[in-house]
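Colleague: have a look at this fold, sequence not included:
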Ligand code: GDP
Ligand code: MG
């Protein structure tokens, strides 16, 4: 029997408060996955998620659950969406919420409300979701559920008596979760009798089945074999497979109003599966659904094949991956130093790292990424405006006089134990922040809001904030307007040749220090070569820092005069291996790490 009573909910929280673990427990409780399946955070499927212990992709799982409802035993179909907590992925969260009517807001009983708790609460609140507070990790010795209840009340006006107390670790309190979901979260509003409208939530490419789309049926009913049409492109498709994520794909042949599931419809190119698109039956006229806000790209970086000949392979890998991560923007670009490549826009630095890692792990690509930049705006005396996503594209000696530079800012939310307030204020001032708000959540925790240049937070801000607060700070940001700023382009020259892929744009006041750090870093990471290398940082034609790397003949075999052949071969192979990750710029070989290390200079 296939139940028609259906509830869609999501789990949201600050990172590490236990969303994925709670999702595991609910899947076990409903027999969806075996208990002790030996794989914690079952829904974190990607290698990058397992290695980093974070959720990157929202994952949907459908569970069946019988509950006494309005006096009779009723079978429910519950769709759970586990979401990422990190600020870079809030786009993923807001998309997931579009398919839900309610959310479990998980808060760590010891840590209390943190910056992403605030951000995620507002995402859910603005989507009009029913919010069920879940105070998790009550098994910890430092758990203080009453304090967390008071915070939920004072910050979000949530009724303390509504909070569920759980431990996803020991299982305590978990039995209340699904009944609360069923009783407090309304069913989806759509009607089976209306013409079909489904929202394309996500997509990915499967070797065997082709493009698989995750969809939410907003109105109507979808059957296998139906002919459907994309509202965005007008393209038609036939649905060859339809079912639910249980959590593996299980064909059901049908999806009813309000259900979340997958479809396979012979979409060939990944570009056809547009996240946020409305799909409907061909020959019906429908009002397309609102879709999603376009992703805002905060950080841009060039991606180049580590081995020049691999351009097509990289192109293919990027196409496949962007199908599963539609939030990345991709345009082709070329660099004199690195050849043909791509300029990609990301939601943040972690997102950039994760994308990079997924390209390598899931798609076997070898890439070199250039120094990330935020999108600046430069205005010239002839009235022209240049949006700069690549510092190399900014003329070092422009034809028209530069009259204004503008940089994007964000509103940062920081929550910290009160004893760290002083050092956090100092850090924010160093990063050119402007304090907008400073208050206390309760007697022990301060809440601060800052306007900050985006550039200052994309470079290692979070790590530094964590380190000066012994890991206690939590941090989140939302994008805000552009502000006027005194910016200069910093060129890096090797033996007098500017390396376009290493150019950056920095605040004038920081240029001398950044220039010096960059050349020092490069000196450390570039191996000595057969000739002398002069490394310089310059603004326009003015050199502001310089290092010299003296010549050396490098002979890896010098150490094994003993004549051990296998050892020699091993060394030679190792050297060859090293070569693969080199980029020859002019006559200078630059290792991949050099590019990577440049990212960390702020
Ligand atoms: P997420 O980032 O919100 O998805 O958090 P995870 O589910 O990945 O959990 C983060 C860490 O907290 C993991 O090491 C979990 O084992 C641990 N954890 C989750 N729930 C509990 C709990 O109820 N009690 C304790 N002590 N640890 C928990
Ligand atoms: Mg998680």
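Modeller: Looks like it came in fine. These numbers come from a predicted model, not from an experiment. Numbering: from 1, shown residues only. Ligands and ions are numbered 1, 2, ... in the order given.
Colleague: which single residue of the stretch 351-500 of the chain ends up nearest ligand 1?
Modeller: The minimum distance from the stretch 351-500 of the chain to ligand 1, using CB to the nearest ligand atom, falls at residue 474 (12.6 Å). Where C-beta positions appear, they are placed from N, C-alpha and C, glycine not excepted.
Colleague: can you pull the contacts of that residue?
Modeller: Residue 474 makes contact with 14, 114-116, 414-416 under the criterion CB atoms under 8 Å, 6 or more residues apart in numbering.
Colleague: tell me what the residue lying closest to residue 472 once chain neighbours are set aside is bridged to.
Modeller: Spatial nearest neighbour of residue 472, chain neighbours left out: residue 417 (5.2 Å); criterion: CB to CB, 6 or more residues apart in numbering. Beta-bridge partners of residue 417, counted by DSSP bridges, are residue 445.
Colleague: so residue 417 touches residue 445, yeah?
Modeller: Yes: taking contacts as CB atoms under 8 Å, residue 417 lies within contact range of residue 445: 6.1 Å.
Colleague: more crowded one of the two?
Modeller: residue 445 (20 against 13; other CB atoms under 10 Å).
Colleague: so that one touches residue 416, yeah?
Modeller: Yes: with contact defined as CB under 8 Å, residue 445 reaches residue 416; the gap is 6.9 Å.
Colleague: near ligand 1, which residues of the stretch 101-250 of the chain?
Modeller: 136-137, 139-140, 167-169 (CB under 6 Å from any ligand atom).
Colleague: by neighbour count, which of the residues you listed wins?
Modeller: In these, the most neighbours by other CB under 10 Å go to residue 136, 30 neighbours.
Colleague: look up the closest residue to that residue, ignoring the ones flanking it.
Modeller: Spatial nearest neighbour of residue 136, excluding adjacent residues (CB to CB, 6+ apart): residue 18 at 4.4 Å.
Colleague: now residue 540
Modeller: Once flanking residues are discounted, residue 540 sits nearest to residue 396: 5.6 Å by CB to CB, 6+ apart.
Colleague: check the one you found and give its pLDDT.
Modeller: According to the prediction, residue 396 has pLDDT 72.
Colleague: now swap in the one 3 residues further on and tell me
Modeller: According to the prediction, residue 399 has pLDDT 85.
Colleague: number of nearby residues for it?
Modeller: 9.
Colleague: mind checking the SS state of it?
Modeller: coil (DSSP: H, G, I helix; E, B strand; the rest coil).
Colleague: how close does it get to residue 383?
Modeller: Distance, residue 399 to residue 383, using CB to CB, to the nearest Å: 13 Å.
Colleague: now residue 310
Modeller: 42 Å.
Colleague: now swap in residue 217 and tell me
Modeller: Applying CB to CB, one obtains 50 Å for the distance of residue 217 from residue 383.
Colleague: residues in contact with whichever strand or helix holds residue 23?
Modeller: Here residue 23, judged by DSSP states H and E, is contained in helix 19-29. For helix 19-29, the external contacting residues (CB under 8 Å, 6+ apart) are 11-13, 33-35, 40-44, 55, 61, 63, 80, 82-83, 85, 104, 106, 134, 136, 166, 168-169, 171, 174-175, 177-178, 247.
Colleague: and those, which are buried?
Modeller: Applying 16 or more other CB atoms under 10 Å to the contacts of helix 19-29, the neighbour count classes 11-13, 33, 41-44, 55, 61, 63, 80, 82-83, 85, 104, 106, 134, 136, 166, 168, 174, 177-178, 247 as buried.
Colleague: how about the helices in this structure?
Modeller: Here the chain has its helices, by DSSP state H, at 19-29, 47-52, 90-97, 115-126, 145-156, 177-184, 311-324, 349-363, 421-430, 454-458, 461-468, 511-525, 565-580, 592-598.
Colleague: out of the ones you listed, flag the one nearest ligand 2.
Modeller: Of all the helices of the chain, helix 19-29 sits nearest to ligand 2, with 3.3 Å by CB to the ion.
Colleague: and the closest one with ligand 1, contact?
Modeller: Yes: residues of helix 19-29 are located near ligand 1 by CB under 6 Å from any ligand atom, namely 19-21.
Colleague: for the closest residue to ligand 2 within the stretch 451-600 of the chain, report the pLDDT, please.
Modeller: Taking CB to the ion as the measure, the point where the stretch 451-600 of the chain comes nearest ligand 2 is residue 474, at 15.6 Å. Looking at residue 474, its pLDDT reads 87.
Colleague: do the same with residue 4
Modeller: Residue-level pLDDT assigned to residue 4 equals 63.
Colleague: now swap in the one 3 residues further on and tell me
Modeller: Residue 7 carries a pLDDT score of 95 in this model.
Colleague: my understanding was that it contacts residue 180; is that so?
Modeller: No: using CB under 8 Å, residue 7 makes no contact with residue 180, being 11.0 Å away.
Colleague: neighbour count: residue 310 and residue 383, which is higher?
Modeller: Taking neighbours as other CB under 10 Å, residue 310 and residue 383 compare with residue 310 leading, 17 against 8.
Colleague: flag every residue of the chain that's near ligand 2.
Modeller: The chain has residues 19-20, 55 near ligand 2, with proximity defined as CB under 5 Å from the ion.
Colleague: can you list these in TSV and add pLDDT?
Modeller: Shown next, in TSV, are the residues of the chain next to ligand 2 (pLDDT from 0 to 100):
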residue	pLDDT
19	92
20	91
55	76
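Colleague: the residue of the stretch 351-500 of the chain closest to ligand 1 and residue 441: what is the separation?
Modeller: Look at residue 474 and residue 441: by CB to CB, they are 11 Å apart.
Colleague: got it, and residue 464?
Modeller: 23 Å.
Colleague: residue 15 touches residue 83, doesn't it?
Modeller: No: the criterion here is CB under 8 Å, and residue 15 misses it with residue 83 at 10.6 Å.
Colleague: which stretches of the stretch 151-300 of the chain form strands?
Modeller: Assigned by DSSP state E, counting those that start in this stretch, the stretch 151-300 of the chain shows strands spanning 164-165, 197-206, 210-219, 222-223, 227-230, 236-238, 241-245, 249-251, 254-255, 260-264, 278-281, 299-305.
Colleague: Throw these into CSV and include mean neighbour count and mean pLDDT, thanks.
Modeller: Listed next are the strands of the stretch 151-300 of the chain as CSV, based on neighbours: other CB atoms under 10 Å; pLDDT from 0 to 100:
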stretch, mean neighbour count, mean pLDDT
strand 164-165, 18, 98
strand 197-206, 21, 89
strand 210-219, 23, 93
strand 222-223, 18, 97
strand 227-230, 18, 96
strand 236-238, 16, 96
strand 241-245, 21, 95
strand 249-251, 14, 94
strand 254-255, 21, 95
strand 260-264, 25, 96
strand 278-281, 24, 96
strand 299-305, 24, 91
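Colleague: can you list the ones you listed in a markdown table and add distance to residue 589?
Modeller: Below are the strands of the stretch 151-300 of the chain laid out as a markdown table (distance: least, CB to CB, whole Å):
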| stretch | distance to residue 589 |
| --- | --- |
| strand 164-165 | 59 |
| strand 197-206 | 35 |
| strand 210-219 | 40 |
| strand 222-223 | 56 |
| strand 227-230 | 48 |
| strand 236-238 | 49 |
| strand 241-245 | 47 |
| strand 249-251 | 47 |
| strand 254-255 | 55 |
| strand 260-264 | 47 |
| strand 278-281 | 50 |
| strand 299-305 | 15 |
